[in-house]
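**Q** predicted structure and sequence below. I'll ask about it afterward.
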Amino acid sequence: MTLRSIFGEGGFSDSEIDRLVYSRDAGDLEGEAMAVVWPKDVKQLHALVGYAKRQDYNLVIRGAGTSLQGGCVPVKSIIVDMSKMNKVLEIGDDFIVVQAGAVLDELNHRLGDKIIPIKPFNHAVCTIGGMVAMNCRGMDVSKGRIGDYVMGVDVVDGTGKYMKLKNPTAKNFVGLEGTTGIIAHVKLKLVSKKEYRSFSIYNFNTLSSMMEKVEKFRGKEEIKSILFFDDLASAMLGFEEKNHIVVEFLGDKGVIKDVKEIERILSFKEVLYHKLRKSRFGQIEDPKIDSDKMAGFLYWLRKKSVPVYGHLCLGVVHPCFKEFSKLPTEMHELVETIKCENASDFGYGFKRKSFLKGEKKVKHKILKEQYDPKDLLNRGKVHE
C-alpha cells in the first residue's frame, strides 16, 4: 500500500512545489515536507496512520496554516491537509456536526439566527478542526474558548484507533495542537445571535488611575469583560492618546446600547490588529499576568514604547513588538521572573514549547503516551 493508492491522484502529491509550499505556516519557521495528502473521509485517515506506523513517518495535521508558532511546520513529515473534509454532517436546534476542514465564516453564514460564537482574527479562513486543536479564543473574550462549545469529537489517534467521543473524554483532543489525534468530525453547541449587553468606554491619563477603576469593577456579576488599550494602541484606533478601557455589561447598565455602535466596538480589536501589522508591529505576544503584577508589567511595556491591548478580567494582555525586535525575549524573561505565564492564547508549536510547564506539561505527556505512544502526530511540537 502506498500514499498514492490510499488517496488517488487528486489526493496525494510529492511534487517539489507542493512540498515547498507546505514547508511552513504563517510564521517564519521552515521545515521539510515529504509529501502532502488531502483526505476525504475517516477511512483514508485510518489507512494513513497505519501506513505512517509501518513506514515510521510522522504526520503534521494542517487546517488553514495560520499559526505563527510553527504549529504545522513539518519535520520530514507527511502533511495532512484537512481542507477537503469540509462537509456539514448535521444541524440541530442547538448544535452542528461538521467535518474538521469546515471553515468558520462559511458555517456562520448559513446558520441563520444561531452562531458559533468564537471568532478569531483569521475567521475568514479558520477551520473548525484547527480551532479545536488550538482551543482558540475569539476577539470577543466574554464568549470563552471554542472548547467550551465542543460537545463531542470523532478522532483517529496515533495508534490508528477511530473513536467517537463525548465529553469529558473529547476534551483530551482540545488544545493539544494535533499531537494526540487527528480530529475528523466535531459536534459544537450553537448559541443565539441575539444578545442583551451594553458597553461603556473610559479613558485615563495614567495607568495607576486606570487600574484603580478596574479593581472597582473586578468581581461584579454584571461585568462580562474589560478590554484595555494603552495610549499607543488607542491612538492607532483614532482615540485620544490616553489609556482606555471598554467595559462590557450584562444587560443595559452600560452607556452604549445602540446595536450599530456595539458592532463598531466589537470591531476595535480587528481594526487594531490590521493597523499594527501595517505598522510592522507583527510580533504579538500573549502573556497572562497576575492582577497584583499587572500595573508593573504595563509600566515596563510603556517605558519600552510597546503598544499593548488586552483583557484585564482575564489577565491576558497582548504586547505588540516590531518585527525582528529583541524585546520579546526581554519580556519573556521578565514574565518568568515575576512567575507569570508566557503563553496563554496563541499555542506553543515549535517556537514556544519551552513555555509549557507544570500541570499542563504533565497532562500533555500523559495524553501523548496514551494516544500517540510512537510520536507519529505533530512530532516536535508542544512537547520536548
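**A** Received it, and whenever you're ready, just let me know what you need.
**Q** contacts only, for the residue nearest the centre of the chain.
**A** Nearest to the geometric centre of the chain sits residue 136, at 3.3 Å (Cα atoms, centre = their mean). Counting by Cβ atoms under 8 Å, 6 or more residues apart in numbering, residue 136 touches 118, 120, 126, 145-146. C-beta: built from backbone N, CA, C; applies to glycine.
**Q** please redo it, this time with the cut-off set to 7 Å
**A** 118, 120, 145-146 (Cβ atoms under 7 Å, 6 or more residues apart in numbering).
**Q** next, give me the two most distant ones among those residues.
**A** 120 and 145 (10.4 Å; Cβ to Cβ).
**Q** between the two, tell me which one has more neighbours.
**A** Set side by side, residue 120 and residue 145 show more neighbours around residue 120, with 22 against 19, by other Cβ atoms under 10 Å.
**Q** test my guess that the more buried one contacts residue 126.
**A** Yes. Applying Cβ atoms under 7 Å as the test, residue 120 and residue 126 come out as touching, 5.5 Å apart.
**Q** returning to that earlier point: ok, the contacts of residue 136 vs residue 162, which is closest?
**A** residue 146 (22.3 Å).
**Q** any idea how far that closest one lies from residue 1?
**A** 35 Å (Cβ to Cβ, to the nearest Å).
**Q** neighbour count for these two, which is higher?
**A** Neighbours were counted for residue 146 and for residue 1 using other Cβ under 10 Å; residue 146 has more, 27 against 10.
**Q** that one and residue 133 touch, don't they?
**A** No. Judged on Cβ under 7 Å, residue 146 makes no contact with residue 133 at a distance of 9.5 Å.
**Q** low-confidence ranges, the stretch 251-384 of the chain, go.
**A** 383-384 (pLDDT under 70).
**Q** break down it into its strands, ranges please.
**A** 283-284, 308-311, 316-321 (DSSP state E, counting those that start in this stretch).
**Q** who wins for proximity to residue 110 among these?
**A** strand 308-311 (29.9 Å).
**Q** domain assignment for this structure?
**A** Annotated domains of the chain cover 1-194+348-384, 197-337 [automatic domain parsing].
**Q** out of these, deepest packed?
**A** Mean neighbours per residue, mean count of other Cβ atoms under 10 Å, is largest over the domains of the chain for domain 1-194+348-384, with a mean of 19.
**Q** chain center to that domain, what's the gap?
**A** 12 Å (Cα atoms, centre = their mean, to the nearest Å).
**Q** over to stretch 338-354?
**A** On Cα atoms, centre = their mean, the centre of stretch 338-354 falls 12 Å from that of its chain.
**Q** the helix or strand harbouring residue 77 pairs with which strands?
**A** In the assignment (DSSP states H and E), residue 77 maps to strand 75-81. According to DSSP bridges, strand 75-81 has the following sheet partners: strand 32-37 (parallel), strand 58-62 (parallel).
**Q** in a markdown table: the contacts of residue 136, plus secondary structure.
**A** A markdown table is the format used below for these (DSSP: H, G, I helix; E, B strand; the rest coil):
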| residue | secondary structure |
| --- | --- |
| 118 | coil |
| 120 | coil |
| 145 | strand |
| 146 | helix |
